[in-house]
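[1] Coordinates for the following, if possible.
(one chain, ligands or ions: 1)
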Amino acid sequence: MPTTQLRQQPISVTRQMAAALPKLAAIAKAKGLELHHLGAGYPHPEVTNPMGYIAHKEAYFKHLAGEQSLQKILQPLYGYTDTLGPASTREMFAKVYGHDFNTTLNPELLIPTIGSSGGISQMCSLFERTGEKVAYITDAPTYAGFISRASLYQKARIYSVEMDLEGPCCEALAAQISRARADGYTVAFYYTVPDGHNPGGISFSEQRRRDVIKVLKAHDTLLVEDAPYSYISFESAARRPKPFFALAPEQTVHLFTASKIGLPGPRIGFMYTEANIELANKATVSLNQLLLTEASANILLHNPEALKGFEAFLTDDDFSARKSLWPIANEKNNVYRENRQILLDTFEQEFNQHKDIFQWTQPGAGFFSVFTINHPSVVCDSDLTDKLVAEYGVVTIPTFSFYPEDARARDKSAGLNQLRLSFCYSEGIGERRKQQLQAATLAFAKAIKQECGV
Ligand SMILES: Cc1ncc(COP(=O)(O)O)c(C=O)c1O
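    Residues are numbered from 1 along each chain as shown. Okay, the predicted model is just below:
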């Protein structure tokens, strides 16, 4: 048998839940219970139609060809192209994204990624190349996909920072960077999801963003801004906080993904940074150049159909470049906003008398609200979430699983009084969608009240 130095990686609770779900769902079904989805963080099928996306892409290709043959247009695109992908896609994206977030992007600095997961992976890879001990600073709780990716490197360690409703605690952020360095680690970056935090169910306030930047600048630390929900915003344009890359492009690596504003399947994303970093030999280089070298060694080039398909998505029915993607986002957000309101209104109605025991976040963006249960007889572990499926037909995700190991070591009960509830997904559309979400929220409320005996 081949022998290696590899170690077994832990399986995330979301994967464990997905694996256990069919059996639990069958138990619920046998009891005649409807299955209620408050677990999955998937884009809603009502507003993610691949047929329209594909048809527009094909029409756009024909439009590009004009009088020429389609082959003439596609031949160079489908050959060995640059790692950066077509300039036209980056130029169009830079314009529209800069417009939508009140900033300016240099299209030459946009590197295509495989969704934002690809951006996370590329950032981790870059620091793993050193072979040194690498520390990642992140929130407690944080995105499970980030924990999984960061933990692939056996010399990586996560230093986490608790959050309140406005974002991470800045004193703790500074202290964790210093601690990691004192422990002999190279601090790679602070990773966060400031808008529609998954799984925190909050968006950072503008003031906290500025405070975070101050700390990171003072400690020469990069920020990785994962932004899948930047367009899934429930705030008015005037109240929407600025993303980090607009506030401090020289400190930030911004990860855009088309998974929520478009579709997850085509795996479109871009990473963007204007940061310079100092190398081991004290030379200063642009981080973009290092990331581009990494990308060209890793993937060489992207799927041209996916990138040009995304370019088509950036054009309107006449194939002229869209000025803004907010009209597209707003169509989607009408659905997510309605869902969010059903969830929040139902909680207000069902838990109004018991706000000492039950609290929930009011997400300014994204797909999730975090529900807190402060009751001595209820522990929000996997046993509880399994029971909620098997006995009440309600699928939820326990929040403890999103706490990095160090956060659980600091506080054994971290997250064990919380559940992450998603309001983004159901099987039905239109009125049926609303009925299903209402039924799911009511079933959840009934189950929790029963479990707490209130
Ligand atoms: C915070 C966060 N990052 C990354 C992802 C994965 O996104 P992508 O499809 O762009 O890889 C998700 C998906 O839900 C997410 O919530």
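
[2] Looking at this structure, what residue ends up closest to the ligand?
    Proximity to the ligand, evaluated over the chain using Cβ to the nearest ligand atom, is greatest for G115 at 2.7 Å. Bear in mind the C-beta positions are built from the backbone N, C-alpha and C, glycine included.

[3] Test my guess that that residue contacts M271.
    No: taking contacts as Cβ atoms under 8 Å, G115 lies outside contact range of M271: 10.8 Å.

[4] anything in contact with each of those two?
    Shared contacts of G115 and M271 (Cβ atoms under 8 Å, 6 or more residues apart in numbering): none.

[5] neighbour-wise, which of those two wins?
    The neighbour comparison of G115 against M271 (other Cβ atoms under 10 Å) goes to M271, with 27 against 21.

[6] Checking H254 next. Helix, strand or coil?
    Of the three states, H254 takes strand according to DSSP: H, G, I helix; E, B strand; the rest coil.

[7] Give me the spatial nearest neighbour of it, chain neighbours excluded.
    Among residues not flanking H254 along the chain, F245 sits closest, at 3.6 Å (Cβ to Cβ, 6 or more residues apart in numbering).

[8] helix, strand or coil for A19?
    Recorded secondary structure, A19: helix (three-state DSSP).

[9] Report the contact partners of the residue of the chain closest to the ligand.
    Neighbouring residues of G115 by Cβ under 8 Å, 6+ apart: 257-259, 264, 267-269.

[10] Name the residues of the chain found near the ligand, please.
    Residues of the chain lying close to the ligand by Cβ under 6 Å from any ligand atom are 41, 115-117, 143, 145, 193, 198, 226, 228, 257, 259, 264, 269.

[11] Is it possible to get TSV of those that adds secondary structure, pLDDT and distance to S160?
    What follows is those, written out as TSV (DSSP: H, G, I helix; E, B strand; the rest coil; pLDDT from 0 to 100; distance: Cβ to Cβ, whole Å):
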residue	secondary structure	pLDDT	distance to S160
G41	coil	86	21
G115	helix	97	24
S116	helix	97	20
S117	helix	97	20
Y143	coil	96	12
G145	helix	94	15
V193	coil	98	14
N198	coil	96	15
D226	strand	98	15
P228	coil	97	20
T257	strand	98	23
S259	coil	96	25
P264	coil	94	27
G269	strand	98	25
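
[12] Does the helix or strand encompassing the residue nearest to H254 pack against any helices or strands, and if so which?
    F245 is part of helix 244-247 when elements are defined by DSSP states H and E. Helix 244-247 is packed against helix 206-218, strand 223-226, strand 252-257, with contacts defined by 3 or more Cβ pairs under 8 Å, 6 or more residues apart in numbering; DSSP states H and E.

[13] and for it, what are the contacting residues?
    101-103, 194, 209-210, 212-213, 223, 225, 251-252, 254, 272-273.

[14] I'd like to know which of the residues you listed is nearest to A409.
    V212 (23.8 Å; Cβ to Cβ).

[15] after the host helix or strand of S369 comes which helix or strand?
    If you go by DSSP H and E, S369 is part of strand 368-373. Note on strand 368-373: by DSSP H and E, the next helix or strand toward the C-terminus is helix 382-392.

[16] neighbouring contacts of the following helix or strand past that next one?
    Counting by DSSP H and E, the next helix or strand C-terminal to helix 382-392 is strand 394-395. Identification of contacts with strand 394-395 by Cβ under 8 Å, 6+ apart yields 17, 21, 35-40, 385, 388-389, 440, 443-444, 447.

[17] So what's the gap between the very next helix or strand once past strand 394-395 and the chain middle?
    Where DSSP H and E defines the elements, the next helix or strand beyond strand 394-395 is strand 397-398. On the basis of Cα atoms, centre = their mean, to the nearest Å, strand 397-398 sits 16 Å off its chain's mean C-alpha point.

[18] Stretch 424-439 now?
    Counting by Cα atoms, centre = their mean, stretch 424-439 comes out at 23 Å from the chain centroid.

[19] cool, stretch 136-148 as well?
    11 Å.

[20] Give me the buried positions along stretch 272-290.
    By neighbour count on 16 or more other Cβ atoms under 10 Å, the buried set for stretch 272-290 is 272-275, 287-288, 290.

[21] which ones among those are found in strands?
    With strands defined by DSSP state E, the entries of the buried residues of stretch 272-290 inside them are 272-273.

[22] can you redo the buried residues of stretch 272-290 as TSV with pLDDT?
    TSV is the format used below for the buried residues of stretch 272-290 (pLDDT from 0 to 100):
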residue	pLDDT
Y272	98
T273	98
E274	98
A275	98
L287	98
N288	98
L290	96
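
[23] what bits of the stretch 251-400 of the chain have low per-residue confidence?
    For the stretch 251-400 of the chain, no stretch is flagged by pLDDT under 70.

[24] that older thread, just the buried ones among the contacts of helix 244-247, please.
    The neighbour-count criterion (16+ other Cβ under 10 Å) marks 101, 194, 209, 212-213, 223, 225, 251-252, 254, 272-273 among these as buried.

[25] For stretch 54-70, buried residues please.
    Neighbour-count burial for stretch 54-70, with 16+ other Cβ under 10 Å as criterion, is recorded at 56-57, 60-61, 64.

[26] swap in stretch 203-216?
    Going by 16+ other Cβ under 10 Å, stretch 203-216 has these buried residues: 203-205, 208-209, 211-213, 215-216.

[27] Save these as CSV, and put in pLDDT too.
    What follows is the buried residues of stretch 203-216, written out as CSV (pLDDT from 0 to 100):
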residue, pLDDT
S203, 97
F204, 98
S205, 97
R208, 98
R209, 98
D211, 98
V212, 98
I213, 98
V215, 98
L216, 98
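
[28] Just give me the closest of those to A329.
    Taking Cβ to Cβ as the measure, A329 sits nearest to S203 out of those, at 15.0 Å.

[29] Which strand or helix spans that closest one?
    If you go by DSSP H and E, S203 is not part of any helix or strand.

[30] Skipping adjacent residues, who's closest to it in space?
    The shortest distance from S203 to any non-neighbouring residue, by Cβ to Cβ, 6+ apart, is to G364 (3.9 Å).

[31] Now do that neighbour: how many residues are near it, please.
    The number of residues packed near G364 is 21, by other Cβ under 10 Å.

[32] So it sits against S230, correct?
    No: the pair G364 / S230 is not scored as a contact, 11.4 Å apart, by Cβ under 8 Å.

[33] who touches both of those two?
    Joint contacts of G364 and S230 (Cβ under 8 Å, 6+ apart) are 195-196.

[34] and Y190, what is it in contact with?
    Going by Cβ under 8 Å, 6+ apart, Y190 touches 136-138, 173, 177, 212, 216, 221-224.
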